[in-house]
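*Asks:* Quick one: sequence plus predicted model below, questions after.
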Amino acid sequence: MSRKLMVGAAQLGPIERTESRSQAVARMVDLMHQAKARGVQLVVFPELALTTFFPRWYFEDQAEVDAFFERELPGPETQPLFDAARELDIGFYLGYGELAQEDGKTRHFNTSILVDGSGRIVGKYRKVHLPGHAEHEPWRPFQHLEKRYFEPGNQGFGAWQAFGGTMGMALCNDRRWPETYRMLALQGVELMMLGYNTPIHYPPVPEHDHLQGFHNHLCMQAGAYQNGMWVVGVAKAGKEEGCDLLGQSCIIGPTGEIMAMASTMEDELITYECDLDRTREIRENIFNFSLHRRPEVYDLITKA
């Protein structure tokens, strides 16, 4: 039985603060229809795909912040995405701000879900590696207040059986940390989905601005190769509310090769047929974990 999965990376151009969720969802539904016409079975959308990237602003009123979060999925404005999944028999990954009631209190997470072709949520992931800062830093041309508006994911890294293989999820800054890929690979993940919003300008170290695209691909290609997995990285791209966001959405093979890459900074669908069995080329040879790993000497990693 073939384990080839036609994957679509659905990059989004800028979403302005005045753009409604319904408008953003309509754009994503259009990309899903494009995907159907190209035989896609799984569409990957960006991080925080329903709104502008709100952590670039400092808000003192929590109600203003909460307006960017979802209290339920599907909700009235996001239901069309789930309806399209059922109609088209296409699954999707979606990043969003999750407002949850847990342990008697309100929790805020940077979250992604995996939805199958019947419109059913089959997996949820909460971002572990939150970048940025927690307090207002007015010297910056824009803020990056993820540490203020979200708490770190409390469910760890998961793996889900779907689309004929073992699927994993991550979000944005997670891609820079090798532990993300290794935690997924140790659970047998064959395809990792990751949405991101990455400013090209990095105020604390502007000397790295010209390296943003290089570093973006470097970490994902290395993670794919060293763990023998497919990686689908999808951007919110372009000039959003005056902030330039990196594009370069791509589909990377288990060999670390970029198989497909976006060529614009707008809404764009790229596709590739991912053979999940190609993970074996790496995992049964150069990165055969059971044969070559030496976890007994890696204790500093877990003691740190």
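*Replies:* Perfect, I can see it now. None of these values were measured; they are calculated from a predicted model.
*Asks:* okay, CA-based contacts and neighbour counts for the rest of this
*Replies:* OK.
*Asks:* can you give me the strands for this structure?
*Replies:* 4-11, 42-44, 91-102, 105-115, 121-126, 160-162, 165-171, 191-196, 230-235, 238-240, 243-245, 250-252, 258-261, 268-275 (DSSP state E).
*Asks:* residues in contact with residue 3?
*Replies:* By C-alpha atoms under 8 Å, 6 or more residues apart in numbering, the contact list for residue 3 reads 164-165, 275-277.
*Asks:* Can you lay out the strands of the chain as CSV showing distance to residue 289, mean neighbour count and mean pLDDT?
*Replies:* Below are those laid out as CSV (distance: least, C-alpha to C-alpha, whole Å; neighbours: other C-alpha atoms under 10 Å; pLDDT from 0 to 100):
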stretch, distance to residue 289, mean neighbour count, mean pLDDT
strand 4-11, 24, 26, 98
strand 42-44, 28, 27, 98
strand 91-102, 28, 21, 97
strand 105-115, 27, 19, 97
strand 121-126, 25, 20, 98
strand 160-162, 20, 15, 98
strand 165-171, 17, 25, 98
strand 191-196, 17, 28, 98
strand 230-235, 17, 30, 98
strand 238-240, 39, 19, 98
strand 243-245, 36, 19, 98
strand 250-252, 21, 27, 98
strand 258-261, 24, 17, 98
strand 268-275, 21, 20, 98
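*Asks:* and of those strands, who's closest to residue 208?
*Replies:* Proximity to residue 208, assessed across these by C-alpha to C-alpha, is greatest for strand 243-245 (14.5 Å).
*Asks:* Quick one: list the elements packing against the closest one.
*Replies:* strand 238-240 (3 or more C-alpha pairs under 8 Å, 6 or more residues apart in numbering; DSSP states H and E).
*Asks:* strand partners of the strand it packs on, parallel vs antiparallel please.
*Replies:* Paired neighbours of strand 238-240 in the sheet (DSSP bridges): strand 243-245 (antiparallel).
*Asks:* Residues contacting the strand it pairs with, please?
*Replies:* Taking C-alpha under 8 Å, 6+ apart as the rule, strand 243-245 contacts 142, 197-201, 236-239.
*Asks:* What distance do you get for the residue nearest to residue 53 when sequence neighbours are not counted to residue 235?
*Replies:* Closest residue in space to residue 53, ignoring its immediate chain neighbours: residue 197 at 7.2 Å, by C-alpha to C-alpha, 6 or more residues apart in numbering. From residue 197 across to residue 235, the span is 6 Å (C-alpha to C-alpha, to the nearest Å).
*Asks:* Run the chain-centre distance for the worst-scoring helix or strand of the chain on mean pLDDT.
*Replies:* Within the chain, no helix or strand scores below helix 299-303, which has a mean of 88 by mean pLDDT, DSSP states H and E. Chain-centre distance of helix 299-303: 27 Å, with C-alpha atoms, centre = their mean, to the nearest Å.
*Asks:* Adjust the sequence numbering to begin at 37 for everything that follows.
*Replies:* In the new count, where the first residue is 37, that last one comes out as helix 335-339.
*Asks:* sorry, back to before: compare the contacts of strand 279-281 and tell me which is most surrounded.
*Replies:* Among the contacts of strand 279-281, the one with the most neighbours (other C-alpha atoms under 10 Å) is residue 272, at 32 neighbours.
*Asks:* Not including adjacent chain positions, what is the nearest residue to that one?
*Replies:* residue 48 (4.9 Å).
*Asks:* Show the contacting residues for the one you found.
*Replies:* Residue 48 sits next to 81-82, 85, 271-273, 301-304 when contact means C-alpha under 8 Å, 6+ apart.
*Asks:* which regions of the stretch 37-186 of the chain lie under the pLDDT threshold?
*Replies:* Counting by pLDDT under 70, the stretch 37-186 of the chain has low-confidence residues at 37-38.
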